[in-house]
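Asker: Okay, here's the prediction I keep looking at, along with the sequence it came from:
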Amino acid sequence: MYIDLGAVETVEPISAQKLNDFKENLKQVGLEILEDKKSILIDKIKNVVIQMIHHDEEVPKMNFSDFISEKLGYDYTYLSNIFSDVKGITIQQFIIMHKIEKVKELILYDELNLTEISYKMHYSSVSHLSNQFKKITGLTPTFFKKMKKIKSEVL
């Protein structure tokens, strides 16, 4: 058997009982096999977004829709419709939530100022970043940073 992120291959066919046992063992460690194509595609979309925002050295400069479409080989409208139908939010909203999580992380690291963070995350301005940050978190980036300092002084 070969297991990789997003894929399981068996060397030979397995019985229904062995497959059920395998699924149960995966559940016990918090994993599951996605068998329907929509779930697999949504998982791939989520992985591309997370990789792009949290793990790649730089956020791509091209439109996220073009980037995702190119990475997965599907029309963006098709991907967007499936994602929205199943997840209840748009891919764009999912991206924004993850961008804000990354911004929070960068603020906490305290290595970059807001202008540098907004540039790094490809916001059109600090104002745009601040507005999106407040919309998602309910806080301004400056207040979020002050809260971090207050918490570290208390501890």
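Answerer: Happy to help now that I have it.
Asker: could you say which helix or strand contains the spatially most central residue of the chain?
Answerer: Nearest to the geometric centre of the chain sits I50, at 3.1 Å (CA atoms, centre = their mean). Using DSSP states H and E, I50 sits within helix 37-50.
Asker: Residues contacting the longest helix along the chain, please?
Answerer: Assignment by DSSP state H gives helix 91-109 as the longest helix of the chain. Contact with helix 91-109 is made by 45-46, 49-50, 53-54, 59, 64-65, 68, 79-80, 83-84, 87, 112, 114, 117, 120-121, 129, 132-133, 136-137, 141, 144-145, 148, as judged by CB atoms under 8 Å, 6 or more residues apart in numbering. All C-beta atoms are positioned from the backbone trio N, CA, C, and that covers glycine.
Asker: In it, which residues are buried?
Answerer: Residues of helix 91-109 classed as buried by neighbour count (16 or more other CB atoms under 10 Å): 91, 94-96, 98-100, 102-104, 106-107.
Asker: do stretch 49-60 as well
Answerer: With the criterion 16+ other CB under 10 Å, stretch 49-60 contains buried residues 49-50, 52-53, 59.
Asker: lowest average confidence, helix or strand, in the chain?
Answerer: Here the helix or strand of the chain ranked lowest by mean pLDDT, DSSP states H and E is strand 2-4, holding a mean of 53.
Asker: And the next helix or strand past the helix holding I50?
Answerer: Next along the chain after helix 37-50, taking DSSP H and E as the criterion, comes helix 64-72.
Asker: which parts of that next one are buried?
Answerer: Buried, per 16+ other CB under 10 Å, within helix 64-72: 64-65, 67-69, 71-72.
Asker: Tabulate those residues in TSV, adding columns for distance to D36 and pLDDT.
Answerer: As requested, those are exported to TSV (distance: CB to CB, whole Å; pLDDT from 0 to 100):
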residue	distance to D36	pLDDT
F64	25	89
S65	24	91
F67	25	91
I68	20	94
S69	21	94
K71	21	92
L72	17	94
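Asker: Let's have the residues you listed in TSV, adding distance to L31.
Answerer: Formatted as TSV, the buried residues of helix 64-72 follow (distance: CB to CB, whole Å):
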residue	distance to L31
F64	27
S65	30
F67	27
I68	24
S69	28
K71	23
L72	22
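Asker: which of those residues lies closest to P13?
Answerer: L72 (28.6 Å; CB to CB).
Asker: List the contacts of that closest one.
Answerer: 41, 44-45, 48, 79.
Asker: ok, now how distant is D85 from I91?
Answerer: Separation of D85 from I91 (CB to CB, to the nearest Å): 12 Å.
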